[in-house]
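**Q** Sequence and predicted structure are below.
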Amino acid sequence: RFFWWKQVQLPLLARGKGVTHLFCSDFFVPYFKMSLKTIAVLHDAFFWEYPLHYSAGWLCIFKAVAVAGAKKSMAVIAPSEYAKKQIALHTGINLDHIKVVYEAPKTFAPINPQSAQESAPYFLHVGTLAKHKNLPLLIEAFAKLDKHLKLVLVGGAPSSVHNSDVPNIKAAIQKHNLQNQVVLTGYLSNAEVASWYANALGYVFPSYNEGFGLPILEAMQYKLPIIAANNTCLPEIAQGGALYFDPSNTDQLAVQMQAIVTNTPAVMATLEAQPAVLQQFSWDKAAASFVAIALDGLKNASKHA
């Protein structure tokens, strides 16, 4: 149904409604555009970097339809400079055709700051329990810390069973007998997620690959100390607002987590840097960028007409 809608129904409906520009934020734009000007968004290069995380059929359709449609688009949007380079590398799309538009944190509904479910200090991670999130290593590092702490993993299994890391996460918890210290919440509403953010001791982002890393900015909104892997796009987004570690080094992560527990000067420095980092990301800026890209595309088209 998804492909029938995106490739047939959507372009016909858009054309019938007099739409001139069609912006699709989910990797897929119509291949047969008719008179539409399309703008595609490719969030990352995971389809090429981790092919075993996807079913063979989905992977084949993505490469045959999504990439071909993106190449025919007015522009391709990537969420970071890192993602732009990786997409160009794997698709052959010219770098000039790929425009970087940064995302921004969502605005959560007002919450009661005292509504957290845990009274003990806890580290937080928000995201799907996918393999590239590197959560077993986070659990291994957490096991080295004081036993009065907790670790809260907000999110459910990814839609693709090929990409689910739930068995390894549960094995790591059992290995260190952390059943009472690691909390698996499953999928939560925005208000529930906000409650966990508001009451956390710190946020940990151990992924070994990301296209943008939106939870970094969400954590900054709650003035949380942040630890991020020192790879891919994460330093580009977090900048001086986070501590960093090698995502293959459990001991390094444990040291940075302990730094948050003891509130070291390095942690305080990252918190002082966060407001300036946050100012660089807003949906108003993103919207203005989309409009500018569309107008620029029209100017270029008229030059070649």
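**A** In hand now; what should we look at? Please read these numbers as outputs of a predicted model, since none were measured by experiment.
**Q** now the helices for the stretch 51-200 of the chain?
**A** Using DSSP state H, counting those that start in this stretch, the helices of the stretch 51-200 of the chain run over residues 56-61, 67-71, 81-91, 135-142, 166-175, 190-198.
**Q** Can I get the first one as PDB, trimmed to CA atoms?
**A** Spelled out, it's helix 56-61. This file holds the C-alpha atoms of helix 56-61, laid out as PDB (Å, rounded to 0.1, in the frame of the first residue of the first chain):
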ATOM      1  CA  ALA A  56      16.000  -8.200   0.700                       C
ATOM      2  CA  GLY A  57      12.700  -7.100  -0.900                       C
ATOM      3  CA  TRP A  58      12.600  -3.800   0.800                       C
ATOM      4  CA  LEU A  59      16.300  -3.100   0.000                       C
ATOM      5  CA  CYS A  60      15.700  -3.900  -3.700                       C
ATOM      6  CA  ILE A  61      12.700  -1.600  -3.900                       C
END
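**Q** Mind telling me what element I39 is part of?
**A** strand 37-41 (DSSP states H and E).
**Q** Now that strand: buried residues?
**A** By neighbour count on 16 or more other C-beta atoms under 10 Å, the buried set for strand 37-41 is 37-41. For the C-beta atoms, the positions are set from N, CA and C on the backbone; glycine is no exception.
**Q** helices or strands next to it in the packing?
**A** Counting contacts by 3 or more C-beta pairs under 8 Å, 6 or more residues apart in numbering; DSSP states H and E, strand 37-41 is packed against strand 21-24, helix 67-71, strand 75-78, helix 283-303.
**Q** Out of these, which one sits most buried?
**A** Using mean count of other C-beta atoms under 10 Å, the stretch among the helices and strands packed on strand 37-41 with the largest mean neighbour count is strand 75-78, at a mean of 25.
**Q** Now do the contacts for S289.
**A** Taking C-beta atoms under 8 Å, 6 or more residues apart in numbering, we find S289 in contact with 99, 101.
**Q** quick revisit: TSV for the buried residues of strand 37-41, including pLDDT and distance to N134?
**A** Putting the buried residues of strand 37-41 into TSV (pLDDT from 0 to 100; distance: C-beta to C-beta, whole Å) gives the following:
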residue	pLDDT	distance to N134
K37	91	39
T38	93	34
I39	94	32
A40	95	28
V41	95	25
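**Q** need the residues you listed in JSON lines with distance to Q252, can you?
**A** Shown next, in JSON lines, are these (distance: C-beta to C-beta, whole Å):
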{"residue": "K37", "distance to Q252": "47"}
{"residue": "T38", "distance to Q252": "43"}
{"residue": "I39", "distance to Q252": "40"}
{"residue": "A40", "distance to Q252": "37"}
{"residue": "V41", "distance to Q252": "33"}
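**Q** Go through those residues and name the one nearest Q9.
**A** T38 (15.1 Å; C-beta to C-beta).
**Q** wouldn't that closest one be in contact with S73 here?
**A** Yes - assessed by C-beta atoms under 8 Å, T38 is found in contact with S73 at 4.4 Å.
**Q** Could I get the average pLDDT for whichever strand or helix holds Y244?
**A** Per DSSP H and E: Y244 is located in strand 243-245. Taken as a whole, strand 243-245 has a mean pLDDT of 98.
**Q** Show me what counts as buried in it.
**A** By 16+ other C-beta under 10 Å, the buried positions in strand 243-245 come out as 243-245.
**Q** Stretch 119-131 too?
**A** Across stretch 119-131, burial judged by 16+ other C-beta under 10 Å covers 122-131.
**Q** K106: which of these is nearest?
**A** For these, the nearest to K106 is V126 (11.3 Å; C-beta to C-beta).
**Q** Please tell me how far that closest one sits from F205.
**A** 9 Å (C-beta to C-beta, to the nearest Å).
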